[in-house]
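S.K.: Sequence first, then the predicted structure, then my questions.
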Amino acid sequence: MAARRRKARNGEDGARAFAVVVEGMRGHFKAFGEKLDAVNESLSRRIDHLEQRMDARFDQVDGRLDRVEDALLQHTRQLKAIRVALDRKVDRDEVGR
């Protein structure tokens, strides 16, 4: 009978030890999850900040590109007007003939 009691106690001790280990793991997982949430929050803030900076830069680039397009159109019109004027211009050699 004494052997059965020892086995039962050993089994109970093993179950308690297992419960302690599981409880410890649970605490570690909880701490890990909280840290992971904090990292996720920090990363989300950094991404939001980066997106704002990129949007501002793209707005600047869009503004500059609009000005370049306007200048290009203006210069194209001016060149066309110069070509028309040159086509109408009489060459001095042609007048003297």
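M.R.: Perfect, I can see it now. Fair warning: this is a prediction, and the values are worked out from it, not measured in the lab.
S.K.: Show me the shaky parts of this structure.
M.R.: Scanning the chain with the threshold set as pLDDT under 70 gives 1-10, 92-93, 95-97.
S.K.: again, only using 90
M.R.: 1-15, 86-97 (pLDDT under 90).
S.K.: Do a quick rundown of the strands in it.
M.R.: In the chain, no segments count as strands under DSSP state E.
S.K.: mind listing the helices for it?
M.R.: Counting by DSSP state H, the segments of the chain that form helices are 2-88, 92-95.
S.K.: any idea which of these is most buried?
M.R.: helix 2-88 (a mean of 10; mean count of other Cβ atoms under 10 Å). In short, each C-beta sits where N, CA and C put it, glycine included.
S.K.: Give the other helices and strands that that one contacts.
M.R.: Judged by 3 or more Cβ pairs under 8 Å, 6 or more residues apart in numbering; DSSP states H and E, helix 2-88 is in contact with no other helix or strand.
S.K.: which residues does residue 87 contact?
M.R.: Applying Cβ atoms under 8 Å, 6 or more residues apart in numbering to residue 87 gives no contacts.
S.K.: Run the chain-centre distance for stretch 16-24.
M.R.: 43 Å (Cα atoms, centre = their mean, to the nearest Å).
S.K.: Alpha carbons of it, in PDB - could you do that?
M.R.: Taking Å, rounded to 0.1, in the frame of the first residue of the first chain, the C-alpha atoms of stretch 16-24 are listed here in PDB:
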ATOM      1  CA  ARG A  16       1.500  20.300  -9.700                       C
ATOM      2  CA  ALA A  17       4.900  20.800 -11.300                       C
ATOM      3  CA  PHE A  18       3.200  20.600 -14.700                       C
ATOM      4  CA  ALA A  19       0.600  23.200 -13.600                       C
ATOM      5  CA  VAL A  20       3.400  25.500 -12.400                       C
ATOM      6  CA  VAL A  21       5.200  25.200 -15.700                       C
ATOM      7  CA  VAL A  22       2.100  25.800 -17.700                       C
ATOM      8  CA  GLU A  23       1.200  28.900 -15.500                       C
ATOM      9  CA  GLY A  24       4.700  30.200 -16.000                       C
END
